[in-house]
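Pasting the sequence and the predicted coordinates here, then a few questions.
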Amino acid sequence: MSFEQIINNENQEMNPLAPVLAGVVRITCDAVDMELLKGFEDLQSDDGSDLIVELIDLYLKDASQRVLAIREAALANDWVLLKRVIHNLKGSSASLGVHQVAETCKKLEGIECEHSPEGIGELLQQMDNDFARASEALTSERQRRLQ
Amino acid sequence: MLPDRLRVSKRVLIADDDPVMRHLITTIIKQQEHEAVVANDGRAAYRILQSDADFKAAILDMTMPFLEGLDLIRFMRSEKRLMRIPIMMITAEQDIKLMARSFSAGATAFLPKPFTPEQLQSAIRMLLGNRQSKRIAA
């Protein structure tokens, strides 16, 4: 059985990679809305470039800088900057289907940092985890598209 | 050749600090055979608008460094040379009050995130076909 056949084999009992694939699919679907991302295919130009790869590259570069900025703003207790960067990350994540990062940003936005900063640490950790999983899924999709 | 006052501009001002959105909107604008003029934040957009009014439409992000989208709308609506340019406001908030404030300031269209590529595409298409005659809540 070829790798292609194994991948496409819907009968999981017959598929030796089924547990692995199920895990990969679950992580990918949880972290990024691939259907929304693939919706951008209709906007592809004829010049040979891949718009989705370009968008992934832009997002990963920009979002990783914003995640870092959020950490630094939290350490400096700069709540105004923190809220602004969180808001921006929420918007860019939502537009690419990175819903879990967007959702955690929404929760962070809702915290009254000045009055009750207790929950922030936990949510920042959550955001790091969400972003790491989204990065993995997006990088994997990027590689798949370039093959 | 048409005199300047009769010529319809094909240029669209895009002001957004999110590089993903800038690239996405620019791609759609080009596909619709228009030219994108890009500003990375509100202050850069303001500087462009101070000396350039040759735009068919403007697409502004609500929250930007230095100058917010709402301030830019108010500026554009206060300037005779800019006041007829249709403006679409893009925001990360699904907030009815924000939509009301945008329209009240003079926005032509309001598009909250998240949106699908089709929604963004059709909102831009509607904006470019719009002559500041009606409001669009996408």
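Sure, I can see it. Numbering: from 1, shown residues only, chains lettered A, B, ... in the order given.

Output the set of residues of chain A in proximity to chain B.
The interface of chain A toward chain B, taken as CB under 8 Å from any CB of the partner chain, is made up of A:36, A:39-40, A:42-43, A:45, A:51, A:54-55, A:58-59, A:61-62, A:84, A:87-88, A:90-92, A:94-97, A:99, A:102. Every C-beta, even on glycine, is put in place using the N, C-alpha and C of the backbone.

Is there a quick PyMOL command that grabs whichever of those residues are buried?
A single PyMOL command selects the buried members of those (16 or more other CB atoms under 10 Å in any protein chain shown):
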select buried, chain A and resi 36+39+40+43+51+54+55+58+59+62+84+87+88+90+91+92+94+95+96+97+99+102
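
what sits against the residue in chain B positioned nearest to chain A?
Closest approach between chain B and chain A, counting by CB to the nearest CB: B:Ala92, at 3.3 Å. Taking CB atoms under 8 Å, 6 or more residues apart in numbering or on different chains, we find B:Ala92 in contact with A:87-88, A:90-91, A:94, B:62-63, B:112-113.

can you rerun that using 7 Å?
A:87, A:90-91, A:94, B:113 (CB atoms under 7 Å, 6 or more residues apart in numbering or on different chains).

Same question for B:Glu93.
B:Pro112.

swap in B:Asp16?
Here B:Asp16 is in contact with B:22, B:61 (criterion: CB under 7 Å, 6+ apart).

any idea how far it is from A:Ser93?
15 Å (CB to CB, to the nearest Å).

How about B:Leu67?
From B:Leu67 to A:Ser93 the distance is 23 Å (CB to CB).

number of nearby residues for residue 111?
Because you didn't say which chain, this covers chain A. Per other CB atoms under 10 Å in any protein chain shown, the neighbour tally for A:Ile111 reads 18.

wait, I meant chain B there
21.

do A:Gln44 as well
When counting by other CB under 10 Å, one arrives at 14 neighbours for A:Gln44.

For it, grab phi and psi.
phi -60, psi 140 (degrees, to the nearest 10).

Hmm, A:Leu55 and it touching each other?
No - counting by CB atoms under 7 Å, A:Gln44 stays clear of A:Leu55, with 11.1 Å between them.

For B:Ile73, what is the enclosing helix or strand?
helix B:69-78 (DSSP states H and E).

Identify the residue nearest the geometric centre of chain A.
Centroid-nearest residue in chain A, with CA atoms, centre = their mean: A:Ala134, separated by 2.7 Å.

Then chain B?
Geometric centre of chain B, nearest residue: B:Ile59, 1.9 Å, by CA atoms, centre = their mean.

Please name the strands paired to the helix or strand hosting that one in the sheet, noting orientation.
Per DSSP H and E: B:Ile59 is located in strand B:57-61. Here strand B:57-61 is paired, per DSSP bridges, with strand B:11-15 (parallel), strand B:87-91 (parallel).

buried sites along the first one?
To tie it back to what came earlier, the one meant is strand B:11-15. B:12-15.

So which residues make contact with whichever helix or strand comes after that strand?
Downstream of strand B:11-15, the first helix or strand assigned by DSSP H and E is helix B:19-31. By CB under 7 Å, 6+ apart, the surrounding residues in contact with helix B:19-31 are A:43, A:51, A:54-55, A:58-59, A:62, A:92, A:95-96, B:12, B:14, B:16, B:36, B:38, B:59, B:61, B:90, B:120-121, B:124.

Please spell out which residues along helix B:19-31 are buried.
Result for helix B:19-31 [16+ other CB under 10 Å]: buried residues B:19-29.

For these, could you give me TSV that also reports pLDDT?
TSV is the format used below for the buried residues of helix B:19-31 (pLDDT from 0 to 100):
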residue	pLDDT
B:Pro19	95
B:Val20	94
B:Met21	94
B:Arg22	95
B:His23	94
B:Leu24	94
B:Ile25	95
B:Thr26	95
B:Thr27	93
B:Ile28	93
B:Ile29	94
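
From B:Phe103, how far out is B:Arg84?
For B:Arg84 relative to B:Phe103 (CB to CB), the value is 16 Å.

Could you list the low-confidence segments of chain A?
Applying pLDDT under 70 to chain A flags residues A:1-29, A:113-118.

So which residues of it form strands?
Counting by DSSP state E, one finds no strands in chain A.

Now the residue of it found nearest chain B: closest residue in space, sequence neighbours ignored.
The nearest approach of chain A to chain B comes at A:Gly91, 3.3 Å away (CB to the nearest CB). Distance criterion CB to CB, 6 or more residues apart in numbering or on different chains; nearest residue to A:Gly91, sequence neighbours excluded, is B:Ala92 at 3.3 Å.
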